[in-house]
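> pasting a predicted model and its sequence here:
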Amino acid sequence: MRKIIALTITTAALAAFTTVRAQSEKTSTAPTDPQIAMIAVTANTVDIDVGKLAADKTTNPKVKEFAELMIRDHTSVNNQATALAKKLNVTPEESATSRKLKSDGEKMIAQLKKLSGAEFDKAYIDNEVSYHEAVIKVVTDTLIPNTKNAQLKALLESAGPIFTSHLNHAKEAQASLR
Amino acid sequence: MTAAPSEVEREGAAWARSDVNTDPVQPAQHSSTPHRQGIDYVEPVRSAISPDNSLEAKTVRIVSGPVSLKTLAFCGLVIFIVAFLHGRQMSRLVTPAGEPISRESPSVAQTATTLTVAPTPQSSAAIAGVTIQLVKFTPETMEVSAGQTVEWVNNDLTPHTVTSQGTGDLNSGSIDAGASWHHTFRQAGNFPYYCTFHPEMKGTVIVK
């Protein structure tokens, strides 16, 4: 049963970003800068919230270290993004994509709360691997190409190597749990 | 009685304009009133004028009257020009960096000159900079001299650390995005370091 929950969480994470890509491809109108800003902030917030849950529940030092890294880094990225939006006088704007990300994040947390111990650790780390792979793809293929403002584009480009670093960390943690 | 002074004054004026004085009496007149100058000469001169002694009157008027006024005005003009030029000269004093130094702060001018001619040891030991960006230390290898300071500037979106690998005393703690941290290297050697948050980030300071 719990394996099914873990599988569901991973599938939900993948589905969320697959939806982002599908919507971008289907709609003729690309996301605007305010919408891109909100998507970026929401994606960071989802990972911060999941990280807080993991830091609180896990007893595995590697998983705890990773969760704290996610909280620290994504909080900092969000602070930078929010400060930039304020400086540019851009108000982040909700879209179907940001709303979907938020609701999927909430479902993910609800599922993880049902797990504990090694099962929780594995489900959390597996989800982080899938989530970061999806985030990197969306940022690279959808958000950066559609961003008009140079400073917002530069911020997203700077975030790329950070997300790649997180993915590598998550894979190392994943390998240690096997 | 009344025509003579006016005639003398005209002559005096004419002599003054020609700026020529050939009268042998003049030195005697000067030496008799050594402490009086300029317009003060006028009243004694008038008292000495008489219709029968036009030469005396003419001589005195030439020396003490309009010439003194003109000289005074000329001297005043010269003083003014000298003061003006001196003021401009002082205002043109600049620091080596090209910033003007007011004459009210001569000590600043002196200090600036001293720094240029003989730099202090502190100013010659420039701070070496390492930039933290895109999850990298740039440059990854930094060569410095013993006693030199290295500053790490975090231009990345996330916090990072500068922490010694193995034995070493580099321990910055968390350097927030936009913040910086520095360390002075006293001894020669190789000092490898990394970021504890992102261990793939590595760098080395070589102190010679």
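That came through fine.
> so which residues on chain B come close to chain A?
Neighbours of chain A within chain B, by C-beta under 8 Å from any C-beta of the partner chain: B:133-136, B:156-159, B:176-177, B:197-198, B:200. Glycine gets a C-beta too; all of them are placed from N, C-alpha and C.
> okay if I get the residues you listed as TSV plus secondary structure and pLDDT?
Output for the residues of chain B next to chain A, formatted as TSV (DSSP: H, G, I helix; E, B strand; the rest coil; pLDDT from 0 to 100):
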residue	secondary structure	pLDDT
B:Gln133	strand	96
B:Leu134	coil	96
B:Val135	coil	97
B:Lys136	strand	97
B:Asp156	coil	97
B:Leu157	coil	97
B:Thr158	coil	97
B:Pro159	coil	98
B:Asp176	coil	97
B:Ala177	coil	96
B:Phe197	coil	97
B:His198	coil	97
B:Glu200	coil	96
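> report the buried members of those residues.
For the residues of chain B next to chain A, a burial check counting by 16 or more other C-beta atoms under 10 Å in any protein chain shown picks out B:134-136, B:156-159, B:177, B:197-198.
> ok, so of the residues you listed, who is nearest A:Val77?
Nearest to A:Val77 among those is B:Leu157, at 4.9 Å by C-beta to C-beta.
> just checking, the closest one touches A:Ser76?
Yes. Counting by C-beta atoms under 8 Å, B:Leu157 touches A:Ser76, with 6.0 Å between them.
> shared neighbours of the two, which are they?
B:Ala177 (C-beta atoms under 8 Å, 6 or more residues apart in numbering or on different chains).
> does the residue sitting nearest the centre point of chain A belong to a helix or a strand, and which?
In chain A, the centroid-proximal residue (C-alpha atoms, centre = their mean) is A:Ala43; its distance is 4.2 Å. Here A:Ala43, judged by DSSP states H and E, is contained in helix A:33-57.
> can the helix or strand that that helix is followed by be said to contact chain B?
Per DSSP H and E, the first helix or strand lying C-terminal to helix A:33-57 is helix A:61-87. Yes. Counting by C-beta under 8 Å from any C-beta, contacts between helix A:61-87 and chain B involve A:69, A:72-73, A:76-77, A:79-80.
> helix A:61-87 to helix A:33-57, inter-axis angle?
150 degrees (axes from the mean of the first three to the mean of the last three C-alpha atoms, to 10 degrees).
> quick check: angle from the next helix-or-strand element following helix A:61-87 to helix A:33-57?
Downstream of helix A:61-87, the next assigned helix or strand under DSSP H and E is helix A:96-112. Following the same axes, to 10 degrees, one obtains 10 degrees for the angle between helix A:96-112 and helix A:33-57.
> and the next helix or strand past helix A:96-112?
Where DSSP H and E defines the elements, the next helix or strand beyond helix A:96-112 is helix A:117-138.
> what's the helix or strand following that following helix in contact with?
Scanning forward in sequence from helix A:117-138 by DSSP H and E, the next helix or strand is helix A:144-146. Contacts to helix A:144-146, defined as C-beta under 8 Å, 6+ apart, come from residues A:24, A:30-31, A:36, A:153, A:156-157, A:160.
> sketch out the low-pLDDT regions of chain B for me.
Within chain B, the ranges that satisfy pLDDT under 70 run B:1-125.
> do that again at 50, thanks
Under the criterion pLDDT under 50, the flagged ranges of chain B are B:1-65, B:87-124.
> which residues sit in contact with the spatially closest residue to A:Leu167 that is not a sequence neighbour?
For A:Leu167, ignoring the flanking residues on the chain, the nearest one in space by C-beta to C-beta, 6 or more residues apart in numbering or on different chains is A:His132 at 4.1 Å. Going by C-beta under 8 Å, 6+ apart, A:His132 touches A:163, A:166-167, A:170.
> pretty sure A:Lys113 sits against A:Asp56.
No. Contact between A:Lys113 and A:Asp56 fails when scored by C-beta under 8 Å: they sit 10.3 Å apart.
> tell me the most packed of the residues of helix A:61-87 next to chain B, by neighbour count.
Using other C-beta atoms under 10 Å in any protein chain shown as the neighbour test, these are led by A:Asp73, with 29 neighbours.
> isn't that residue up against B:Thr158?
Yes. In terms of C-beta under 8 Å, A:Asp73 counts as a neighbour of B:Thr158; the distance is 4.3 Å.
> shared neighbours of the two, which are they?
A:162, B:197.
> quick check: B:Glu151 is in a strand.
Yes. Looking at B:Glu151 with DSSP: H, G, I helix; E, B strand; the rest coil, it is inside a strand.
> not counting sequence-adjacent ones, nearest residue to it?
Nearest one to B:Glu151, counting by C-beta to C-beta, 6+ apart, is B:His182 at 4.0 Å.
> for that neighbour, what are its contacts?
Listed by C-beta under 8 Å, 6+ apart, the contact set of B:His182 reads B:127, B:149-152.
> of the residues you listed, which is the nearest to chain A?
Chain A lies nearest to B:Trp152 out of the contacts of B:His182, by C-beta to the nearest C-beta, at 16.4 Å.
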